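Okay, sequence plus prediction incoming.
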Amino acid sequence: MAEVNPRAYLARIKNVKKGVNTRSKILEVIKSRPLTLKSIAEQVGKSSSSIRRHLKNMEAEGIVKSQRYKGRIIWMTTGVGQKAIEEVY
């Protein structure tokens, strides 16, 4: 298991170990390039609905953002999310 990302802890929800680990994996896969929800779910090994819920919670706290690109919605880290990734590595 990769190291837990400090930005995986959210202020608005209860942080359980499983959720923090999933959010850390999400941040790991999108740190180098934006990806679609489906791609993130495949790489993390969770359902699309689970990943969507985590992304929406992280978006509400400004860690990730979505953007329409070539007819698809892609997810990427924001400056806040990227800074936290750089602090870990």
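That came through, no problem.

buried stuff in the strand or helix carrying Ile74?
Assigned by DSSP states H and E, Ile74 belongs to strand 72-77. Neighbour-count burial for strand 72-77, counted by 16 or more other CB atoms under 10 Å, picks out Ile74, Trp75, Met76, Thr77. Bear in mind the C-beta positions are built from the backbone N, C-alpha and C, glycine included.

from the residues you listed, which is closest to Lys18?
Trp75 (20.1 Å; CB to CB).

how far away is that closest one from Lys14?
Taking CB to CB, to the nearest Å as the measure, Trp75 falls 23 Å from Lys14.

Gln67 now?
In terms of CB to CB, Gln67 sits 29 Å off from Lys14.

And the contacts of the strand holding Ile74?
27, 30-31, 33-37, 40, 55, 63-68, 85 (CB atoms under 8 Å, 6 or more residues apart in numbering).

The same query, at a cut-off of 7 Å, please.
Strand 72-77 is contacted from outside by 27, 30-31, 34-37, 40, 55, 63-67, 85, using CB atoms under 7 Å, 6 or more residues apart in numbering.

Among these, name the ones in helices.
Leu27, Ile30, Leu37, Ile40, Leu55, Ile85 (DSSP state H).

out of those, which is most surrounded?
Leu27 (25 neighbours; other CB atoms under 10 Å).

okay, the nearest residue to that residue once chain neighbours are set aside: pLDDT?
Excluding the flanking residues, the one nearest Leu27 by CB to CB, 6 or more residues apart in numbering is Asn5, at 4.8 Å. The score at Asn5 is 83. That number is its pLDDT.

Would you check that Asn5 makes contact with Lys25?
No: the criterion here is CB atoms under 7 Å, and Asn5 misses it with Lys25 at 8.9 Å.

Pretty sure Val4 is one of the things Ser24 touches, is it not?
Yes: in this structure Ser24 lies within contact range of Val4 using CB under 7 Å: 5.0 Å.
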